[in-house]
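# Let's see this in three dimensions:
(chains A and B)
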Number of protein chains: 2
Amino acid sequence: MVAQARRATRLRAMSSVFPSPLADPMPQSPVLRAAYRARAAAADLAPLPRSVKDEALLAIADALEVRTKEIVEANAEDVEKARAAGTSETVIDRLTLTPERVRAIAKDVRDVVALPDPVGEVVRGSTLPNGIDLRQVRVPLGVVGIIYEARPNVTVDAAALCLKSGNAVLLRGSSSAYASNTALVRVLRDAVGGAGLPADAVQLVPGESRESVRELMRARGMVDVLIPRGGASLIRTVVEESTVPVIETGTGNCHVYVDAEADIDMAVDILVNSKAQRPSVCNAAETLLVHQDIAAEFLPRALAALAEAGVTVHGCERVLALAEGGPATVVPATVEDWETEYLSYDIAAAVVDSLDAAVRHIRLWSSGHTEAIVTTSQAAARRFTQLVDSTTVAVNASTRFTDGSQFGFGAEIGISTQKLHARGPMGLPELTSTKYIVTGDGHVRGGARPGS
Amino acid sequence: MVAQARRATRLRAMSSVFPSPLADPMPQSPVLRAAYRARAAAADLAPLPRSVKDEALLAIADALEVRTKEIVEANAEDVEKARAAGTSETVIDRLTLTPERVRAIAKDVRDVVALPDPVGEVVRGSTLPNGIDLRQVRVPLGVVGIIYEARPNVTVDAAALCLKSGNAVLLRGSSSAYASNTALVRVLRDAVGGAGLPADAVQLVPGESRESVRELMRARGMVDVLIPRGGASLIRTVVEESTVPVIETGTGNCHVYVDAEADIDMAVDILVNSKAQRPSVCNAAETLLVHQDIAAEFLPRALAALAEAGVTVHGCERVLALAEGGPATVVPATVEDWETEYLSYDIAAAVVDSLDAAVRHIRLWSSGHTEAIVTTSQAAARRFTQLVDSTTVAVNASTRFTDGSQFGFGAEIGISTQKLHARGPMGLPELTSTKYIVTGDGHVRGGARPGS
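Purely as a prediction, here's the structure:
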């Protein structure tokens, strides 16, 4: 019994990394079987050179264009269902795939072909004092799970990025796009298989229930990472319930701080662009902080510009006082406004006593995404960038630049708001891990050699 | 009600990153209060230059030496309790702090002073096509929680590494070392505070119950990472129950594969060293795989050498056959032996048909720590390193080199067996995150500038 108990303990300990073959080797549930197949496919993908993966991506792009009709027809089913269910036109538009949109998706896949392959990059290397060669190289993560809402193009974008970085992907889209995603994945798998790679490099997670998502989240050891892309509620669920490592994306309560020594014209431009150029995305600004020494000069202009852009300002008392006689779109702020990610034409605004007060406010209320300072003072810029801890600190630039394409990554799997593994916009290298290669000539520890 | 529900949703969404100040700003429980204070301390530590942190470390080293008597006396309480409880002498030895050991710990702290500070390193940087300067710089993780068993020196080692990398540390040691750890942390806090840094940079997690550990594990948003160091059961509990990001350390079911074209003398040396130089650690080899073409020549010598080192071999049928008339310390293997991390003078052994068969065995049974190949064939070495996915692949070197000191890191917080954030031996850079600094001249998106 002792031996059995010890074995059971080890089985449990081991299975946190690899599912123990002493357990059922082919799991019963469809989700776990898909994960098992993905893992097998990942083992085959890992050593593939870039040229082979690029051929598969080109095959995908070609197949999307050749089979556009099939894709658009499946999509029409989803759109019809959504209309019948009374879904808003905005959401339906996000769901819709036209032939032009399919062509654009195919072009995006070809753009991924042009990107460098992160796999095999030597991150660091040296020769140790004892003569051993040490190399740290990039390797694929293995099996990447993407849980996403809305737009079916994510199906293809995510698959392309995962394939390029040598990973197998498990896709779990929203049920409203089920027919579209099923058709897209069929096209992807045919192209991948036709190019000589395992078709299981790309799979749709079977099942439409919450239970299948839960199984995916508990498949630690078979799935290497989960990336949820969608609303705060989806992300929170995955973060809290998953035993598979998660990369948390998205929530952006971004701040623009206008310093005492800001260039006012620049500050107005940056403020309006950060808030109103595209309010519904995570890198849009949600709070304006203004140094008290510049408030009287800056706020009237800023409020007018924001009003012209259709933005409602939720202001603290000092903002309201300076808004007297100004646009009617300035309303009193409550404390909840400081932490609200509006994703709309609304912004919170407060006057602060100092740069340090702005930093304190940010530390208290920010989601850690992006904070911008507008200033002509080198000391202020330096202090702000030192003290603010978010994925991105912008100096005299819009918060809207926090974006993989803008950063020159060529592609983006999402913007991570967590601190481990990846932080900020995530490109291909963030879909990799590393391993060490140690090469000796018979080196052993504790021998006559120094440093053993 | 709708507004309240919306607010509640946002509160929950926001609090996954930052604890909402709209909730109780100073939490009731001692554990969460400690985490709150750690977070405040971390904000003060983050911008500190290396010189200031090094001064604090030197103060710690001095204080340890000056207050050795106090530390050793507290330790004697723990040792007495352990003896009275019938604890084994091996464990008591691990627990014991003598004046020499305290001096050695102080020396280790001075060694950390000599290491480069990872904070502030520019990981990458470029000027974007639109003229924006982009920099990715290393920043501290923030609040690091260490949950550890056994040796009280971990208390000081971990605190020193965290402090050097600008992090505040929350230490949760074992109850058997409670008096020792309490005394050590008192000395550390006095030294840190005396050097002008916040004493809360170093705290012992209050409470001795499982409940306090559980609170620590659920303090996502206040604690940035948890690093469990100890047995498989502790690690598994933390990995499964924590909502705070975890770095999984330790389990090492390491393999030595002796290829058809191995240098037999080298293979015997590497095998014995990997298994028997220090069997109780994670990088000790637990399974030997031998290519069938070399088995007849290699195994008799290997088995004799292992027997001389006091190692019992658990062999497959082909190993047993070749062991006929050899040492009596060769016993039949059961399937559990392939996945067992013995941590003792035992090793599993199998003859495999080919290198690829060895790789398949490793994929099935390994914990992904370290796998070694002994071969004179460049093609075999290349194929093995490409196909094996573990933290470390060793070619013609002992598995025992997977170690931060051996890799030249100067210090090691643990060996990560997971794929995200850190993999393999972890040094100071692994205790950091990064942030982007974007500097423009009033840059906005969607303007006339290209690439906006």
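# so how far is the helix or strand where residue A:163 lies off the chain centroid?
Following DSSP states H and E, one finds residue A:163 within helix A:153-164. In terms of C-alpha atoms, centre = their mean, to the nearest Å, the centre of helix A:153-164 is found 13 Å from the chain centre.
# Mind checking if it is in reach of chain B?
No: in terms of C-beta under 8 Å from any C-beta of the partner chain, no part of helix A:153-164 sits within range of chain B; the closest distance is 14.3 Å. For glycine as for every other residue, the C-beta is placed from the backbone atoms N, C-alpha and C.
# Mind checking what helix or strand follows that helix in sequence?
Immediately after helix A:153-164, counting by DSSP H and E, sits strand A:168-172.
# And the closest residue to residue A:418 other than its chain neighbours, how far from residue A:64?
Using C-beta to C-beta, 6 or more residues apart in numbering or on different chains and skipping residues adjacent in sequence, the residue nearest residue A:418 is residue A:248, 4.4 Å away. Using C-beta to C-beta, to the nearest Å, we find residue A:248 at a distance of 30 Å from residue A:64.
# With residue A:380 instead?
49 Å.
# do residue A:30 as well
Here residue A:30 is placed at a distance of 26 Å from residue A:64 (C-beta to C-beta).
# Of the two, which one has the most company?
Per other C-beta atoms under 10 Å in any protein chain shown, whichever of residue A:30 and residue A:64 has more neighbours is residue A:64, with 22 against 13.
# thought that one was touching residue A:108?
No: using C-beta atoms under 8 Å, residue A:64 is not in contact with residue A:108; the gap is 9.9 Å.
# quick one, what contacts the nearest residue to residue A:387 once chain neighbours are set aside?
Closest residue to residue A:387 apart from its sequence neighbours, by C-beta to C-beta, 6+ apart: residue A:359 at 4.7 Å. Residue A:359 is in contact with A:384, A:387-388, counting by C-beta atoms under 8 Å, 6 or more residues apart in numbering or on different chains.
# Which one of the residues you listed is nearest to residue B:127?
Closest approach to residue B:127 among the contacts of residue A:359 (C-beta to C-beta): residue A:384, at 20.7 Å.
# So that closest one lies in a helix, does it not?
Yes: the assignment for residue A:384 is a helix, going by DSSP: H, G, I helix; E, B strand; the rest coil.
# Burial check on the nearest residue to it once chain neighbours are set aside, number of neighbours?
Spatial nearest neighbour of residue A:384, excluding adjacent residues (C-beta to C-beta, 6+ apart): residue A:373 at 4.3 Å. By the measure other C-beta under 10 Å, the count of residues near residue A:373 is 28.
# Which helix or which strand is home to residue A:373?
Secondary structure (DSSP H and E) places residue A:373 in strand A:370-374.
# need the contact list for residue A:372.
Taking C-beta under 8 Å, 6+ apart, we find residue A:372 in contact with A:254-257, A:270, A:274, A:285, A:393-395, A:397-399.
# of those residues, buried ones?
Buried by 16 or more other C-beta atoms under 10 Å in any protein chain shown: A:254-257, A:270, A:274, A:285, A:393-395, A:397-399, out of the contacts of residue A:372.
# Closest one of these to chain B?
Nearest to chain B, judged by C-beta to the nearest C-beta, of the buried ones among the contacts of residue A:372 is residue A:397 at 3.2 Å.
# Leaving out the residues flanking it, which one is nearest to the closest one?
Closest to residue A:397 by C-beta to C-beta, 6+ apart is residue B:440, at 3.2 Å.
# Kindly report the same for residue A:347.
Take residue A:347 and drop its neighbours on the chain: the residue closest to it by C-beta to C-beta, 6+ apart is residue A:275, 5.1 Å away.
# In terms of helices and strands, where is the residue nearest to residue A:427 when sequence neighbours are not counted?
Spatially, and ignoring its direct neighbours in sequence, residue A:427 is nearest to residue A:409 (3.3 Å; C-beta to C-beta, 6+ apart). Counting by DSSP H and E, no helix or strand carries residue A:409.
# so residue A:409 makes contact with residue A:428?
Yes: counting by C-beta under 8 Å, residue A:428 is a contact partner of residue A:409 at 7.4 Å.
# picking up where we left off before, the residue nearest to residue A:418 reaches residue A:235, doesn't it?
Yes: using C-beta under 8 Å, residue A:248 makes contact with residue A:235 at a distance of 6.1 Å.
# Check which element follows the host helix or strand of residue A:111 along the chain.
When secondary structure is defined by DSSP H and E, residue A:111 falls within helix A:99-113. With elements assigned by DSSP H and E, the helix or strand that comes after helix A:99-113 is strand A:122-127.
# So what's the gap between that following strand and the chain middle?
28 Å.
# pLDDT averaged over that strand - what is it?
For strand A:122-127, mean pLDDT rounds to 96.
# orientation of the next helix or strand after it relative to strand A:122-127 in degrees?
Under the assignment DSSP H and E, the closest C-terminal helix or strand after strand A:122-127 is strand A:133-140. In terms of direction (axes from the mean of the first three to the mean of the last three C-alpha atoms, to 10 degrees), strand A:133-140 departs from strand A:122-127 by 170 degrees.
# angle of the very next helix or strand once past strand A:133-140 against helix A:153-164?
Sequence-wise, the next helix or strand downstream of strand A:133-140 (DSSP H and E) is strand A:143-148. Orientation of strand A:143-148 against helix A:153-164 (the same axes, to 10 degrees) gives an angle of 170 degrees.
# now for strand A:143-148, which elements pack on it?
helix A:30-45, helix A:153-164, strand A:168-172, helix A:210-217, strand A:225-229 (3 or more C-beta pairs under 8 Å, 6 or more residues apart in numbering or on different chains; DSSP states H and E).
# low pLDDT regions in the stretch 301-450 of chain A?
A:447-450 (pLDDT under 70).
# and the residue of the stretch 101-250 of chain A nearest chain B?
Of all residues in the stretch 101-250 of chain A, residue A:232 sits closest to chain B, at 3.4 Å by C-beta to the nearest C-beta.
# Next, give phi and psi for residue A:426.
Backbone geometry at residue A:426, expressed as degrees, to the nearest 10, gives phi -110, psi 120.
# hang on, isn't it packed against residue A:417?
No: the pair residue A:426 / residue A:417 is not scored as a contact, 10.7 Å apart, by C-beta under 8 Å.
# The longest strand anywhere in chain A - contacts with which helices or strands?
Secondary structure assigned by DSSP state E gives strand A:432-443 as the longest strand of chain A. Judged by 3+ C-beta pairs under 8 Å, 6+ apart, strand A:432-443 is in contact with strand A:133-140, helix B:264-276, strand B:392-397, strand B:424-426.
# In the host helix or strand of residue A:80, which residues are buried?
Per DSSP H and E, residue A:80 falls inside helix A:68-84. Across helix A:68-84, burial judged by 16+ other C-beta under 10 Å covers A:68, A:71-72, A:74-75, A:78-79, A:82.
# Looking at these, which one is closest to chain B?
Among the buried residues of helix A:68-84, and counting by C-beta to the nearest C-beta, the member closest to chain B is residue A:82, at 23.5 Å.
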